[in-house]
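[1] quick one, fold the following:
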Amino acid sequence: MIADRVTDNDSDINQGCITIGRLAPDFAASSTHGVVTMSQFRGKWVLFFSQPGDFTPVSETELISFTQLYQEFVKRNVQLLGITIDSTLADIEWLMDISVRTGMTIPFPLLSDRNAEIANLYNMVNPDRVFEESVRDAFIINPDGKIRAIITYPVSCGRNTYEILRVIDSLQLTEEYNLYTPANWMPGDPVIVPPPHTLEEAMQRTKGESEISANCNSWYLCYKDYNSINDTTQNNNMNSDYSSVQKLKRNKF
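    Residues are numbered from 1 along each chain as shown. Reported below is the predicted structural model:
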């Protein structure tokens, strides 16, 4: 969020540190879709992301990208929720301008946070006024309302929408099957079985006596075939638009 509209007194609102695993703070705010609360989205995953301001070039490209891949978020039961420090009227004017120029209708709410109250609730405002810079924060929240990932970008760097989808797929895989994902993982790639919790489990893996049905390179690194996961719906959703992701992976990384 933007620093120069926040006073030192506002830092008193922020009593705790927002971390992965905590319940996402609830709020009620005006938005381009009417009054919105965080708690109304219980039962869904939520991607809650901030924008430094309306009519900013990088932010506009993000809204367009989220709109282009909106159905991919819907397939994953994810509610997109943006927030700005501008007024709802200014947000509406911005979305109208995008619609006139591109023909796109932004299908998710933009929240107005004029007093930075929500920004403070989510620790989006750096208390260090000397070195503070505007940033792009993103919180991925599970259906129980718990924060599962926090991603911060500088104002100059737009988010990679495909990477956010990849992170959501990884988080959903972990929540559903208690499996981890390795570096550069894409849906369809092998996944990792969590490390053993006891010496006995570790010894069983080294002797090939474990019941985890995995290919173990060592006692703590065991891979499982992604296609062995017995949930056709989950697999279909996670692979739905990943030809584009794989192309991005090959061409740019």
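[2] quick one, strands of the stretch 101-250 of the chain?
    Here the stretch 101-250 of the chain has its strands, by DSSP state E, counting those that start in this stretch, at 110-112, 135-141, 147-154, 191-193, 215-216, 222-224.
[3] distance between stretch 158-170 and the chain's centre?
    Relative to its chain's centre, stretch 158-170 lies at 7 Å (Cα atoms, centre = their mean, to the nearest Å).
[4] cool, and stretch 69-89?
    11 Å.
[5] pLDDT of that stretch, averaged?
    Averaging pLDDT along stretch 69-89 gives 97.
[6] mind listing what's buried in it?
    69-70, 72-73, 76, 78-86, 88 (16 or more other Cβ atoms under 10 Å). To be clear about C-beta, it is placed using only N, CA and C from the backbone, and glycine gets the same treatment.
[7] and those, which of them are in helices?
    Applying DSSP state H to those, the entries found in helices are 70, 72-73, 88.
[8] so residue 60 makes contact with residue 99?
    No. Applying Cβ atoms under 8 Å as the test, residue 60 and residue 99 come out as separate, 11.7 Å apart.
[9] the more surrounded of those two?
    residue 60 (18 against 12; other Cβ atoms under 10 Å).
[10] low-confidence stretches in the protein?
    1-16, 126-134, 230-253 (pLDDT under 70).
[11] can you give me the helices in it?
    Using DSSP H, helices in the chain cover 57-68, 70-75, 88-102, 117-121, 161-177, 199-206, 232-238, 242-252.
[12] now for the ones in helices among the buried residues of stretch 69-89: which two are most distant?
    For these, the maximum inter-member distance is 27.1 Å, found between 72 and 88 (Cβ to Cβ).
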